[in-house]
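Undergrad: What follows is a predicted protein model with its sequence.
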Amino acid sequence: MTASKGSGIGALLIHGLGGTQFDLGPMHKALRRAGVETHAVTLPGHAGSPEDLVPVRAEQWLETVTQAYDELAPRYETFHVLGMCMGALLALAVCELRQHRKGRLVALAAPVYIDGWSTPWYRALRHLVYRIPMLPARMRVDEDEPFGIKNDLVRAIVKAKFERGDNFHYRWVPLACIRQVDRLRGWVLRGARRIVCPTLVVHSREDELTSVRSADFLEAVVPDVRKVVVENSYHMICVDNDREQVVASVLEFLGFDPESARRRARATVEVPMTGEAVATVVSEYLQALTSGHFEALFPLLEPGVRWRHHGDHPLAGSYDDRDAVIGMFGRLDELAGKTVRIAITAPPRIEGSSAEIDLEAFSVMGGEQHHGRGTQTLRMRNGRISAVTFRPAGADAAGAALPAPAGLDSPD
């Protein structure tokens with residue numbers, strides 16, 4: 001909020017129900033790289049516990065967004081409004097209410113209709129339950145798998161965050177606030193035709209919460225609209241498989257060059273890690289490895305991590321990115337299930353940005369017991385693990401040619 005009055009480009013980004021700015025994935029960062037000053041709001045009932053949502057009304061959400069808009073819009077020559085999920089409904093509502101003309105509007109996965117493939121057939125009965133005193137406040141609507149995410153890695157990260165109790169998204173919301181979302185939906189259904197600014201609607205064909213019918217409605221009713229439908233995500237399109245396409249579509253719609261933003265992102269300089277930072281990554285890695293919660297180690301890996309497993313293990317081989325490593329652990333789960341046990345046999349030896357870990361592993365595959373000992377070497381940079389190499393005890397330090405991973409398809 002430091003821009004001089006009436007200068008530069010600003011944007012207001014609005015999160016979804018029960019969520020935080022995590023809902024918008026890399027959108028803030030991408031816009032800032034393009035030269036946009038981004039601003040976020042925390043909607044009433046959020047940043048606490050799900051019970052805080054019980055008394056909140058849709059008017060309070062809209063009032064919070066409207067106040068932020070009224071404060072921020074005059075400070076910029078150009079001002080954009082973006083929202084995700086319920087935040088998209090609020091973005092549509094505030095732009096209609098304020099007859100927004102100072103910039104553009106982006107509605108991401110707007111649930112104008114709650115009719116996605118995972119919503120139960122009896123969803124319409126909620127309108128009857130709303131009429132029963134006290135019941136909507138007591139009933140929970142759980143956030144469960146697939147968490148609106150098709151990508152295995154991101155879903156694993158979200159699952160790990162939920163299990164750790166991270167305060168990034170409510171695990172459930174009361175039915176009472178779904179009633180308020182329904183009221184907000186009604187406002188959008190009635191007011192969308194009065195939106196005067198250029199509008200981008202982005203939706204996934206596979207959205208499990210709200211079908212592409214929502215995007216079709218906005219395309220038909222909003223006077224100046226562009227629709228983009230992505231094909232390989234669920235509801236959380238800003239963090240799912242199509243996230244790069246979503247970001248590129250938004251940047252292009254707002255008048256920026258997506259490729260230029262990517263080039264600036266790649267120009268980051270490698271920053272040396274402190275000893276404390278290295279020790280923290282190693283500790284989190286060991287916790288994930290020994291607890292069997294392997295999904296918790298995926299976010300510790302660089303996207304281009306190089307994973308090498310020497311020896312005669314069924315999954316020995318070379319894995320050249322994070323998706324391939326996830327596939328390897330998925331295959332391990334298919335072969336050994338919950339029989340995998342990994343123990344650390346000596347304290348990790350840390351030197352600079354590398355660590356050596358002595359371990360032994362036990363599992364049962366195809367009715368046969370497997371037991372191996374060896375050393376894993378981790379190499380780290382910029383806060384993540386860039387390479388992992390496992391050599392069985394007694395193996396030649398130079399190693400041999402790695403076999404092709406058994407039973408794994410090549411990543412797309």
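TA: All right, it came through fine.

Undergrad: residues in contact with residue 165?
TA: Neighbouring residues of residue 165 by CB atoms under 8 Å, 6 or more residues apart in numbering: there are none. For every residue, glycine as well, the C-beta is placed using N, CA and C.

Undergrad: confidence score at it?
TA: pLDDT for residue 165: 71.

Undergrad: Could you list the low-pLDDT ranges of the stretch 301-412 of the chain?
TA: 395-412 (pLDDT under 70).

Undergrad: in it, which spans are strands?
TA: All strands of the stretch 301-412 of the chain, identified by DSSP state E, counting those that start in this stretch, fall at 301-309, 317-319, 341-344, 349-351, 354-365, 368-381, 384-392.

Undergrad: per-residue confidence for the nearest residue in space to residue 17 that is not next to it in sequence?
TA: Distances taken as CB to CB, 6 or more residues apart in numbering place residue 86 nearest to residue 17, at 4.2 Å, with adjacent residues excluded. According to the per-residue confidence, residue 86 scores 97 in pLDDT.

Undergrad: same question, the one 10 residues further on
TA: Residue 96 is assigned a predicted lDDT (pLDDT) of 98.

Undergrad: dump the residue contacts of it.
TA: 188, 191-192, 194-195.

Undergrad: and if you look at residue 257?
TA: Counting by CB under 8 Å, 6+ apart, residue 257 has contacts residue 251.

Undergrad: if I look at it, how far off is residue 156?
TA: The spacing between residue 257 and residue 156, counted by CB to CB, to the nearest Å, is 33 Å.

Undergrad: now residue 64
TA: As judged by CB to CB, residue 64 and residue 156 stand 33 Å apart.

Undergrad: For the stretch 101-250 of the chain, give me the ranges with low pLDDT.
TA: Applying pLDDT under 70 to the stretch 101-250 of the chain flags the ranges 121-122, 164, 166.

Undergrad: ranges for the strands of it?
TA: Counting by DSSP E, counting those that start in this stretch, the stretch 101-250 of the chain has these strands, from start to end: 105-108, 140-142, 172-174, 199-204, 225-230.

Undergrad: which of those strands is buried the deepest?
TA: Across those, averaging neighbours per residue (mean count of other CB atoms under 10 Å) puts strand 105-108 on top, at a mean of 29.

Undergrad: Please enumerate residues in contact with it?
TA: 24, 80-85, 87-89, 91-92, 95, 195, 197-202, 218, 237-238, 246, 250, 253-254.

Undergrad: Which strands border that strand, and is each parallel or antiparallel?
TA: If you go by DSSP bridges, strand 105-108 pairs up with strand 78-84 (parallel), strand 199-204 (parallel).

Undergrad: Could you dump those into TSV and include distance to residue 53?
TA: TSV is the format used below for the strands paired with strand 105-108 (distance: least, CB to CB, whole Å):
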stretch	distance to residue 53
strand 78-84	17
strand 199-204	25
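
Undergrad: Which of those sits closest to residue 181?
TA: Closest of the strands paired with strand 105-108 to residue 181 is strand 78-84, at 12.9 Å (criterion: CB to CB).

Undergrad: Look at stretch 312-327 and report the distance between its end residues.
TA: 19 Å (CA to CA, to the nearest Å).

Undergrad: ditto for stretch 221-235
TA: 22 Å.

Undergrad: where does that stretch sit relative to the chain's centre, distance-wise?
TA: How far stretch 221-235 lies from its chain's middle: 19 Å, per CA atoms, centre = their mean, to the nearest Å.

Undergrad: Now do the nearest residue to residue 141 once chain neighbours are set aside against residue 136, distance only.
TA: Leaving aside its sequence neighbours, residue 141 sits nearest to residue 173 (CB to CB, 6+ apart; 5.3 Å). Using CB to CB, residue 173 is found at 11 Å from residue 136.

Undergrad: Next one: residue 204 from residue 235, what distance?
TA: With CB to CB as the criterion, residue 204 and residue 235 are 7 Å apart.

Undergrad: before we move on, what about residue 298?
TA: 21 Å.

Undergrad: Compare those two (neighbour count), which wins?
TA: residue 235 (26 against 21; other CB atoms under 10 Å).

Undergrad: circling back to that earlier point, determine which two of the contacts of residue 96 are furthest apart.
TA: That would be 188 and 194, which, of those, are the farthest apart (CB to CB) at 10.7 Å.

Undergrad: Contact partners for the closest residue to residue 180 other than its chain neighbours?
TA: Counting by CB to CB, 6+ apart, residue 58 is the residue found nearest to residue 180 once chain neighbours are left out, at 4.2 Å. Applying CB under 8 Å, 6+ apart to residue 58 gives the contacts 180-181, 183-184, 187.

Undergrad: if we can go back for a sec, which of residue 188 and residue 194 has more neighbours?
TA: residue 188 (24 against 13).

Undergrad: Correct me if wrong: the more buried one contacts residue 93.
TA: Yes - under the criterion of CB atoms under 8 Å, residue 188 makes contact with residue 93 at 6.0 Å.

Undergrad: closest to residue 386 among the contacts of residue 96?
TA: Of these, the one sitting nearest to residue 386 (CB to CB) turns out to be residue 188, at 45.4 Å.
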